[in-house]
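Peer 1: Pasting the sequence and the predicted coordinates here, then a few questions.
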Amino acid sequence: MNSRTLGADLNVSAIGLGCMGFSHAYGPPTEDDEAIQAIRTAFDMGYTMFDTAETYGTAEDPHHNEKLVGEALKDVRSQVQIVTKFGIRFDKTSKAVNKPLIPDARPETIRASVEGSLRRLQTDHIDLYFQHRVDPKVEPEAVAQVMADLIREGKITHWGISEVSEDYLRRAHRVCPVTAVQNRYSMMARWHESLFPVLEELNVGFVAFSPMANGLLTGAYGKGEQFDPKLDYRSAMPQFTQEATKKNQELLYLLQGLAVQRNATPAQISLAWMLCKKPWVVPIPGSRKTERMRENAGAADVVLTNEEVAAIDQTLSAVPMSAVFGGTKVVSRETK
């Protein structure tokens, strides 16, 4: 697979693997042996960037996902880039399937988090360490200073921020250069494009999570799709309702038509569209199936011209589509 550079010097595969679904948010977790083998298979396919977080886990093991990633990649550690995150915990008092997030970016919390992640990942450093959500009670300069200290100590080599505003990014970047932001981005969720000029100015990369709108843009889901309301976030996502299925038909037909023209799949067109927008955009689709990983990797070989991307953008601005899941509710740690 081709590579891309995030920030000044973090070279990664053009498409990364989002590993969350092996443990969290998409139904029952995958068996450990099967998950570890799938992650290794992704490496063999050419994936080198693997995304996890300290909070991706199960009720029995809240940090399950980092352990899987660490075990799968321990003997190819020098050939991969491990991405993990700090700064949130779940509101366990909630009965919602996607429990509200409680941000906590206090320096002492970050310090405890990085040590736990290093241990679970079986590594002496983290290649890209994301602040998972902004903590309104901690100034960006304070978080950035901890990141600068961790880089100096060799515990992380690069850092980034997820779901960040321009002001927060600029303030943090002045203290310790930010390598990448990680935001939700897909054909159905384009609101972060307004940040692109700032990213270019600061030489900050963009890691796109949920690049296929949580799977909807693959075209694999039909009317009446059922998801486990206790374990699967999709059961509460607006793009998977029966009404949304009807409303999104034109969008899916558009993708299917483009796929036929390019001898590709709708998933590959969804990924190629963002890859061809900017050379510093790196999508991290999540999949537990190796055939889907192979399909997604193939998107790196689909080349769209600037004119084709612009035409798709114009169509996306006009085509009807349903609401799309925009993120889990964030609550203050003061109340929890």
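Peer 2: Received it, and whenever you're ready, just let me know what you need.
Peer 1: where does the chain have low pLDDT?
Peer 2: Applying pLDDT under 70 to the chain flags residues 25-26, 222-224, 233, 235-236, 325, 327, 335-336.
Peer 1: Unless I'm misreading it, T265 sits right up against E295, doesn't it?
Peer 2: Yes: contact status for T265 versus E295: in contact at 5.9 Å, counting by Cβ atoms under 8 Å. Glycine gets a C-beta too; all of them are placed from N, C-alpha and C.
Peer 1: neighbour count winner among the two?
Peer 2: With other Cβ atoms under 10 Å as the criterion, T265 and E295 differ in neighbour count, and T265 comes out ahead with 22 against 18.
Peer 1: how far away is the residue lying closest to the more buried one once chain neighbours are set aside from E225?
Peer 2: Spatially, and ignoring its direct neighbours in sequence, T265 is nearest to A259 (5.4 Å; Cβ to Cβ, 6 or more residues apart in numbering). In this view, A259 and E225 are 20 Å apart by Cβ to Cβ, to the nearest Å.
Peer 1: Equivalent analysis for E71, please.
Peer 2: Distance of E71 to E225, given as Cβ to Cβ: 32 Å.
Peer 1: Equivalent analysis for A189, please.
Peer 2: Counting by Cβ to Cβ, the separation of A189 from E225 is 19 Å.
Peer 1: So which of the two has more stuff around it?
Peer 2: Each of A189 and E225 has its neighbours counted (other Cβ under 10 Å); A189 has more, 21 against 15.
Peer 1: Which phi and psi values does that one adopt?
Peer 2: Note on A189: backbone dihedrals following degrees, to the nearest 10 are phi -140, psi 80.
Peer 1: Need the nearest residue in space to E193, chain neighbours excluded.
Peer 2: Using Cβ to Cβ, 6+ apart and skipping the chain neighbours, the partner closest in space to E193 is Y185 (8.0 Å).
Peer 1: Check the burial of that neighbour by counting its neighbours.
Peer 2: As a burial measure, the neighbour count of Y185 was computed by other Cβ under 10 Å and equals 23.
Peer 1: Next: D44.
Peer 2: Around D44 sit 9 other residues, with neighbours defined as other Cβ under 10 Å.
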